[in-house]
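Visitor: have a look; sequence and predicted model below, questions after that.
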Amino acid sequence: MRPVTHITLFTLAAWLLLLSRVTAQRKEQHRVDSFLAVVQSSRTTNDTVYATALYHLAFAYFAVDPDKGINYGTQALALAEALRWN
């Protein structure tokens, strides 16, 4: 049996880190999909439910696609201001 070297340990650690990151992104993608469904179902109403869904969708997109998160956050802010909702 070969002795464990620093390179072997580093390679193992790198793979574990990559695997945990992929798993975290999948969880975030599930959250994104859930909030996206709420946003799409409440799109016709300009109320606080829609604004809240946009807000949560913006934060869920943070780990998956930050540019889309900023876009949804901007929409949420604009709607909240239009509703005069604090």
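Guide: Thanks, I have the structure now.
Visitor: isn't Val32 right up against Phe59?
Guide: No. Judged on C-beta atoms under 8 Å, Val32 makes no contact with Phe59 at a distance of 9.9 Å. Yep, even glycine has a C-beta here, placed from its N, CA and C like the rest.
Visitor: all helices for the chain, in order.
Guide: Secondary structure of the chain by DSSP state H: the helices cover 6-41, 48-60, 66-82.
Visitor: which of Val32 and Phe59 has more residues huddled nearby?
Guide: Comparing Val32 with Phe59 by other C-beta atoms under 10 Å, the one with more neighbours is Val32, at 23 against 16.
Visitor: ok, Asp65 - contacts?
Guide: When contacts are counted by C-beta atoms under 8 Å, 6 or more residues apart in numbering, Asp65 is found next to no other residue.
Visitor: any idea how far Ser31 lies from Thr45?
Guide: For the record, residue 31 is Arg, not Ser. Distance from Arg31 to Thr45, counting by C-beta to C-beta, to the nearest Å: 22 Å.
Visitor: okay, the two: which has more neighbours?
Guide: Under the criterion of other C-beta under 10 Å, the comparison of Arg31 against Thr45 puts Arg31 first, with 16 against 10.
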